[in-house]
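1. Sequence first, predicted coordinates after that:
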Amino acid sequence: MDINIISLFPEMFNSPFGHSIIKRALDKHIININFTNPRDFTYDRHHQADDVPFGGGAGMVLKPEPFFRAVASVKNTLPTNKNTRVILLSPEGKTFSQQTAKNLSTYDSLIFICGHYEGFDNRITENLAEDIISIGDYVLTGGELACMVIVDAVCRMLPDVLGSKESALTDSFYNGLLEYPQYTKPRYYKNMTVPDVLLSGNHQKIDEWRRIKALEKTRLKRPDLLDKINLSPEKLNAVKKLKNDCTKN
């Protein structure tokens, strides 16, 4: 996958993308990450990418010309057969989710537009972006941090990025539920122990325990998620039982 990031501050990405999963994906050439600075597409002596808003008001607004030119320049470097999506990071966008990450992972190329200052000229928002995404109902100084979050989540969905194919499949939210509880050595620690079923060697029972615990954890910590997914009859019965148990307690 080609990941192209349009940002006024590309140096912000140096450290986050130089470690862990993203770095390994880069080293394996599973992903390529390229940066484009809109200031390089300004023609005034000060390379000004923002200006005061028409009608007055606080802050500075990002100008349309450098961003349209930057996106056009990136697209010109991509093969014509690339399946590409242009994404703008903004609080007004749809809230990012695991399903969005899975959808974006199917593209050959992603172009992220990171905002700053008071925001974008509306012509960028309305005519340049194909998707507008937010990572939550709060405001950041710029879109760079949101872009890092999304790139990390999307890259986890790509084949061979994680050490195990099952890792992403068991992540929280992948199938709409929180992940089941995990344990490792030592078996006993400060009067706390690992559930016996995980040491039984019976994989059918272990899988059943994990399914129930994922439902239980979701029911207790994020019950809103259960309303958004289609559950099998088996899981529906498990949820009903959990609800009854919670009511009794």
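-> Arrived safely. Numbers count the residues shown, from 1 in each chain.

2. Now tell me which helix or strand of this structure has the poorest mean pLDDT.
-> helix 165-169 (a mean of 50; mean pLDDT, DSSP states H and E).

3. What strand or helix carries Arg123?
-> Using DSSP states H and E, Arg123 sits in helix 122-127.

4. Could you tell me which residues within that helix count as buried?
-> Within helix 122-127, the residues scored as buried using 16 or more other Cβ atoms under 10 Å are 124-125. Bear in mind the C-beta positions are built from the backbone N, C-alpha and C, glycine included.

5. How about stretch 88-104?
-> Neighbour-count burial for stretch 88-104, counted by 16+ other Cβ under 10 Å, picks out 88-91, 93, 96, 98, 100-102, 104.

6. quick one: contacts for Pro10?
-> 35-37 (Cβ atoms under 8 Å, 6 or more residues apart in numbering).

7. quick one: which of the residues you listed sit in strands?
-> Secondary structure from DSSP state E places 35-36 of the contacts of Pro10 in strands.

8. JSON lines please, covering the contacts of Pro10 and showing pLDDT and distance to Asn83.
-> Output for the contacts of Pro10, formatted as JSON lines (pLDDT from 0 to 100; distance: Cβ to Cβ, whole Å):
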{"residue": "Phe35", "pLDDT": "98", "distance to Asn83": "21"}
{"residue": "Thr36", "pLDDT": "98", "distance to Asn83": "20"}
{"residue": "Asn37", "pLDDT": "97", "distance to Asn83": "25"}
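
9. any idea how far the helix holding Arg123 is from the chain center?
-> When distances are taken as Cα atoms, centre = their mean, to the nearest Å, helix 122-127 is centred 23 Å away from the chain's centroid.

10. ok, then the element right after the least confident helix or strand of the chain?
-> Downstream of helix 165-169, the next assigned helix or strand under DSSP H and E is strand 188-189.

11. So which of the buried residues of stretch 88-104 sit within helices?
-> Using DSSP state H, 98, 100-102, 104 are the members of the buried residues of stretch 88-104 that sit in helices.

12. Residues contacting the helix holding Arg123, please?
-> Contacts to helix 122-127, defined as Cβ under 8 Å, 6+ apart, come from residues 62, 64, 67-68, 88, 90, 92, 113, 132.

13. Just the CA trace of stretch 32-42, in CSV.
-> Provided in CSV are the C-alpha atoms of stretch 32-42 (Å, rounded to 0.1, in the frame of the first residue of the first chain):
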residue,chain,number,x,y,z
ASN,A,32,5.4,2.9,1.5
ILE,A,33,4.9,6.3,3.2
ASN,A,34,5.5,9.5,1.4
PHE,A,35,5.1,13.1,2.6
THR,A,36,4.1,16.2,0.7
ASN,A,37,4.2,19.7,2.1
PRO,A,38,1.6,22.0,0.7
ARG,A,39,4.0,24.9,1.1
ASP,A,40,6.0,23.5,-1.8
PHE,A,41,3.0,24.3,-4.0
THR,A,42,2.8,28.0,-3.1
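
14. Buried ones in it, by neighbour count?
-> Under the neighbour-count criterion of 16+ other Cβ under 10 Å, stretch 32-42 has 33, 35-38, 41-42 buried.

15. and which of those residues is nearest to Val149?
-> Closest approach between those and Val149, by Cβ to Cβ: Ile33, at 14.5 Å.

16. Appreciated, that's everything.
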